[in-house]
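Colleague: Show me how the following folds:
(one chain, ligands or ions: 2)
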Amino acid sequence: MTTAPDQQPVPTAPGDAPVINVGVLGARGRMGTEVVKAVNDAEDLELVAMVDEGDWLFGLADAGTQVVVDFTRPDVVMDNIRFCIDNNIHCVVGTTGFDEDRLSTIAEWLAPKPDVGVIIAPNFGIGALLLMRFAQDAARFFPSVEVVELHHPNKVDAPSGTAVRTARLIAAARREADMPPAPDATTDALPGARGADVEGVPVHAVRLAGLVAHQEVLMGAAGETLTLRHDSYDRASFMPGVLLAVREIGRRPGLTVGIEGLLGL
Ligand SMILES: NC(=O)C1=CN([C@@H]2O[C@H](COP(=O)(O)OP(=O)(O)OC[C@H]3O[C@@H](n4cnc5c(N)ncnc54)[C@H](OP(=O)(O)O)[C@@H]3O)[C@@H](O)[C@H]2O)C=CC1
Ligand SMILES: O=C(O)C1=N[C@H](C(=O)O)C[C@H](O)C1
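Modeller: Ligands and ions are numbered 1, 2, ... in the order given. Prediction:
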């Protein structure tokens, strides 16, 4: 803590860096609980608000929150982001459910607030981000591709936000390389047997007790396959990415999708 003459005390972390006041939305959820722990363990971050369903969002502003971390639900996250932008609070969002329409709406909300940042990241896990990058790089070499995501049985959405983003990145890489559509049969005798079609890439969702968050990208060419797989066995795996976004967001006003840029990927 340092005190300047005639001013309120300014909290500081060791090394004199200013402390960032963090509020967690969805604080008692699976991810929120882990974020609360990670923020409490970080010397340069101060947990000032924990909000769950039924709590007033105004508590965030009253507590002097500078950065909100949101791990709630796709059906409530837009209202949370609107509140944060209106109250000049930066927002690090891990909640899924973002399409182009939602992203454009957030960009419109941000337009009159040039100092506020919103980071929307479908996945904060470093390994998961690397898998996406490797899949993008490999996409142009393999005519066939399928994405399989596997998660804990309480996940509210399917397919996962990560799988949708992975499929879109692969589809974009294929378009850029002028590849024709995958040659594989897409007709299914039973509806859903070939998964969901995300820009021409089949995406399959598995829900299974014992799992946390996992993804495979299968690629095939004549006589060979390439399998890329990532496993999050513990939600701690997402925390380095979440904390990086919390620390960086003050330097990144506007809308940022994915934390790849923050990692130099
Ligand atoms: N980007 C990433 O790296 C990751 C993203 N996720 C995503 O994060 C989201 C949350 O996942 P998970 O933690 O497993 O889900 P949980 O269901 O465990 O947690 C959601 C929490 O949000 C709370 N909540 C619901 N409505 C509101 C509201 N209006 N305001 C504040 N809090 C609210 C819930 O409270 P209550 O139970 O009382 O309703 C609950 O505590 C999902 O979209 C998931 O896909 C998950 C892991 C990693
Ligand atoms: O709900 C989860 O658990 C996860 N959700 C995110 C998603 O939908 O991509 C990230 C990760 O897969 C865990």
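
Colleague: got any ranges where the stretch 101-250 of the chain has weak pLDDT?
Modeller: For the stretch 101-250 of the chain, the stretches with pLDDT under 70 are 185-186.

Colleague: Get me the contact residues on it for ligand 2.
Modeller: Pro122, Asn123, His151, Lys155, Ser160, Gly161, Thr162, Ala213 (CB under 6 Å from any ligand atom). C-beta here means a position set from N, CA and C on the backbone, and glycine is covered the same way.

Colleague: Around Ala222, how many other residues sit close by?
Modeller: Other residues near Ala222 number 6, with proximity taken as other CB atoms under 10 Å.

Colleague: Give me the residues contacting stretch 228-237.
Modeller: Here stretch 228-237 makes contact (CB atoms under 8 Å, 6 or more residues apart in numbering) with 30-31, 34, 38, 125-128, 130-131, 134-135, 138, 212-217, 219, 238.

Colleague: sorry, back to before: could you dump the residues of the stretch 101-250 of the chain next to ligand 2 into a markdown table with neighbour count and secondary structure added?
Modeller: What follows is those, written out as a markdown table (neighbours: other CB atoms under 10 Å; DSSP: H, G, I helix; E, B strand; the rest coil):
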| residue | neighbour count | secondary structure |
| --- | --- | --- |
| Pro122 | 23 | coil |
| Asn123 | 27 | coil |
| His151 | 22 | strand |
| Lys155 | 17 | coil |
| Ser160 | 23 | coil |
| Gly161 | 19 | helix |
| Thr162 | 25 | helix |
| Ala213 | 22 | strand |
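
Colleague: List the contacts of Glu146.
Modeller: Gly195, Val201, Pro202, Val203, His204, Val217, Leu218.

Colleague: can we see that at 10 Å?
Modeller: 167, 170, 182, 184, 194-195, 201-204, 216-220 (CB atoms under 10 Å, 6 or more residues apart in numbering).

Colleague: Give me the contact status of the one helix or strand it maps to with ligand 1.
Modeller: In this assignment (DSSP states H and E), Glu146 forms part of strand 144-151. No. Using CB under 6 Å from any ligand atom, we find that strand 144-151 stays clear of ligand 1, coming within 8.3 Å at best.

Colleague: Just the buried residues of that strand, please?
Modeller: Along strand 144-151, these residues count as buried under the neighbour rule (16 or more other CB atoms under 10 Å): Val145, Glu146, Val147, Val148, Glu149, Leu150, His151.

Colleague: quick one: which of those residues is nearest ligand 2?
Modeller: Ligand 2 lies nearest to His151 out of the buried residues of strand 144-151, by CB to the nearest ligand atom, at 5.4 Å.

Colleague: Correct me if wrong: the closest one contacts Ser160.
Modeller: Yes. With contact defined as CB atoms under 10 Å, His151 counts as touching Ser160 (6.2 Å).

Colleague: was I right about Glu224 contacting Phe142?
Modeller: Yes. With contact defined as CB under 10 Å, Glu224 counts as touching Phe142 (8.6 Å).

Colleague: more crowded one of those two?
Modeller: Taking other CB under 10 Å, Glu224 and Phe142 do not tie; Phe142 has more neighbours (20 against 9).

Colleague: which ones are touching that one?
Modeller: Residues counted as contacts of Phe142 (CB under 10 Å, 6+ apart) are 135, 170, 174, 179, 182, 217-221, 224-226.

Colleague: What segments of the stretch 151-265 of the chain are strands?
Modeller: With DSSP state E, counting those that start in this stretch as the criterion, the stretch 151-265 of the chain has strands at 196-198, 201-207, 213-221, 224-232, 254-257.

Colleague: Looks to me like Val48 is in a strand.
Modeller: Yes. Assessed with DSSP: H, G, I helix; E, B strand; the rest coil, Val48 lies in a strand.
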